[in-house]
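>>> Just the structure for this:
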Amino acid sequence: MSDPAETELRAYVEVWWHSVCDFVDLAATIPAEQWSTPTDLPGWDVRAVVSHVAHLEGILGGAPREDAEVPDAPHIVNAMGRFTEIGVITRREADPAAIVAEIRRYGAARHDALLADPPTDPDAPAPGIFGAIGWNTRTLLRNRPLDVAMHEQDVRRAIGRPGNLDSPGARHSADYLLGSLGYVLGKRAKAEAGSTLVVEVADHRPAAVTVDDSGRGVALAEPPAEPTVALRMDRETFLLLAGGRRPQAAERVAVTGDADLAARVLAAMGVMV
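Coordinates of the predicted model:
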């Protein structure tokens, strides 16, 4: 019988690889004139997003270390932001095809390595800088498909080519981000103890959370019959909100229950930075 932890890690590797392939297939077809198109991410155009993915996949796939002088900028708000800007700066003059080729090369190298020596311990420190910031193997393997799939959608919106929202990466991203609702309800929206929230994203199991007496948001095994707030939306809308991309997407959400709390939850839903 397979170990559940190993099965979980293998699933993350599979969805990451699917997401990388989807991203590369899209990036390889971006017309030259659209590489400078702004995205929903402040300060980043399409080139910056693709460069960022190339940088991080390169780090994990064995690429040489990159360094750059990162200037102050409004969109760089913390140490991680300064780090991720390095890959953007070092590829400003690179040929787009070369950036895409980097992702193919280093993604394939990492995929081969993960298949040859599959991760078995989810609590083992992640390699390199990811371990240095406190991530373990589970966190790294779970976060990479989220990052790649979300950035695929960033590029798609920028170049006017929507789609692939039923991909393994998009499904994984929504499932992952649904796990943040307790934090959103208790910590960010500051709901009162006993408040309940149910979020129904199309084609996903409804997520239900409540606030305990300490003010902490905790998951509920089953949605209550009459939650304090219920939100219903499609997957794209949820990813836009939880990903912090377009807060105005809240207009597409069907709301029932406490309207004031619903507004606070929707305003606080963006948990990615």
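>>> can you pull out the strands in the stretch 151-273 of the chain?
Along the stretch 151-273 of the chain, counting by DSSP state E, counting those that start in this stretch, strands occupy 196-201, 207-211, 217-219, 229-233, 254-257.
>>> Please produce CSV containing those, extended by mean neighbour count, mean pLDDT and distance to Val50.
Any C-beta I mention is one placed from the backbone N, CA and C, and that applies to glycine too. Output for the strands of the stretch 151-273 of the chain, formatted as CSV (neighbours: other Cβ atoms under 10 Å; pLDDT from 0 to 100; distance: least, Cβ to Cβ, whole Å):
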stretch, mean neighbour count, mean pLDDT, distance to Val50
strand 196-201, 23, 98, 27
strand 207-211, 23, 98, 32
strand 217-219, 15, 97, 35
strand 229-233, 22, 98, 28
strand 254-257, 14, 98, 35
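>>> Worst mean pLDDT across the helices and strands of this protein, which element?
Least confident element among the helices and strands of the chain, by mean pLDDT, DSSP states H and E: helix 128-132 (a mean of 92).
>>> Could you dump the strands of the stretch 151-273 of the chain into CSV with distance to Leu181 added?
Formatted as CSV, these follow (distance: least, Cβ to Cβ, whole Å):
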stretch, distance to Leu181
strand 196-201, 6
strand 207-211, 5
strand 217-219, 7
strand 229-233, 9
strand 254-257, 14
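>>> out of those strands, which comes closest to Ala242?
Ala242 lies closest to strand 196-201 among those, at 9.3 Å (Cβ to Cβ).
>>> Just list what that closest one packs against, helices and strands only.
helix 168-178, strand 207-211, strand 229-233, helix 235-242 (3 or more Cβ pairs under 8 Å, 6 or more residues apart in numbering; DSSP states H and E).
>>> Give me the spatial nearest neighbour of Phe23, chain neighbours excluded.
On the basis of Cβ to Cβ, 6 or more residues apart in numbering, the spatially nearest residue to Phe23 that is not a chain neighbour turns out to be Glu152, at 4.8 Å.
>>> in terms of contact, does that neighbour touch Ser19 like I think?
Yes - counting by Cβ atoms under 8 Å, Glu152 does reach Ser19; the two are 7.0 Å apart.
>>> shared neighbours of those two, which are they?
Counting by Cβ atoms under 8 Å, 6 or more residues apart in numbering, the contacts common to Glu152 and Ser19 are Gly169.
>>> Residue ranges in the stretch 1-150 of the chain under the pLDDT threshold?
Regions of the stretch 1-150 of the chain meeting the criterion pLDDT under 70 cover residues 1-2.
>>> ok so, going back, ok, now which ones touch the residue nearest to Phe23?
Glu152 touches Ser19, Asp22, Phe23, Leu26, Asn164, Gly169, counting by Cβ under 8 Å, 6+ apart.
>>> circling back: redo the helices and strands packed on strand 196-201 as CSV? Include distance to Ala97.
As requested, those are exported to CSV (distance: least, Cβ to Cβ, whole Å):
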stretch, distance to Ala97
helix 168-178, 23
strand 207-211, 41
strand 229-233, 37
helix 235-242, 28
